[in-house]
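Participant: Here is a sequence with its predicted model. Questions after.
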Amino acid sequence: MSFDITAAENTLRKERAHLVHQLEDLGAAETGDLRADLDFGGSFADAAAVTAERTEVLGLVDSLKSQLDDVDAALAHLEAGTYGTCDNCGNRISDARLEFRPASVLCINCKSKIAS
Ligand SMILES: [Zn+2]
């Protein structure tokens, strides 16, 4: 069974649209920047709660943004014809890994070495 690259691309494009949509829902742009006019509650009476909410939103935005970066990196590989090649060592990424996580741009060895 060979890896279905078209299916991987469809999955990545869907995932990308989904992530961008989630970012928009949080009031953030694709770049991860929050809209300047974003209003956290309106009332200045409960500044601590607003700060807590803002911190939570920023955490979510950060996580979505890093997922979006992964998807974009994988899509760039697809366009360059190097999809499935490890960004770090140049080895082939296993089909099983790509099927499990189409946005993978590192082989399992490099991923575990670089794991942050
Ligand atoms: Zn590697």
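Facilitator: Everything's here; your move.

Participant: Show me which residues of this protein are close to the ion?
Facilitator: Proximity of the chain to the ion (CB under 5 Å from the ion) is limited to residues 86, 88-89, 91, 107, 110. Quick note: C-beta positions are derived from backbone N, CA and C, even for glycine.

Participant: Among the residues you listed, which lie within helices?
Facilitator: C110 (DSSP state H).

Participant: What subset of the residues of the chain next to the ion is buried?
Facilitator: Burial of these was assessed by neighbour count (16 or more other CB atoms under 10 Å); the buried members are 86, 107, 110.

Participant: Report the distance from the longest helix along the chain to the chain centre.
Facilitator: Taking DSSP H as the criterion, the chain has its longest helix at helix 47-80. From the chain centre to the centre of helix 47-80 is a distance of 6 Å (CA atoms, centre = their mean, to the nearest Å).

Participant: and that helix, what does it pack onto?
Facilitator: For helix 47-80, the contact count by 3 or more CB pairs under 8 Å, 6 or more residues apart in numbering; DSSP states H and E identifies helix 5-25 as packing neighbours.

Participant: Contacts for the helix it packs on next, please.
Facilitator: The contact list for helix 5-25 (CB atoms under 8 Å, 6 or more residues apart in numbering) reads 29-30, 32, 61, 64-65, 67-68, 71-72, 74-75, 78, 83-84, 98-99, 102-103.

Participant: let's see it at 7 Å
Facilitator: Taking contacts as CB atoms under 7 Å, 6 or more residues apart in numbering, the residues outside helix 5-25 that touch it are 29-30, 61, 64, 67-68, 71, 74-75, 78, 83, 98, 102-103.
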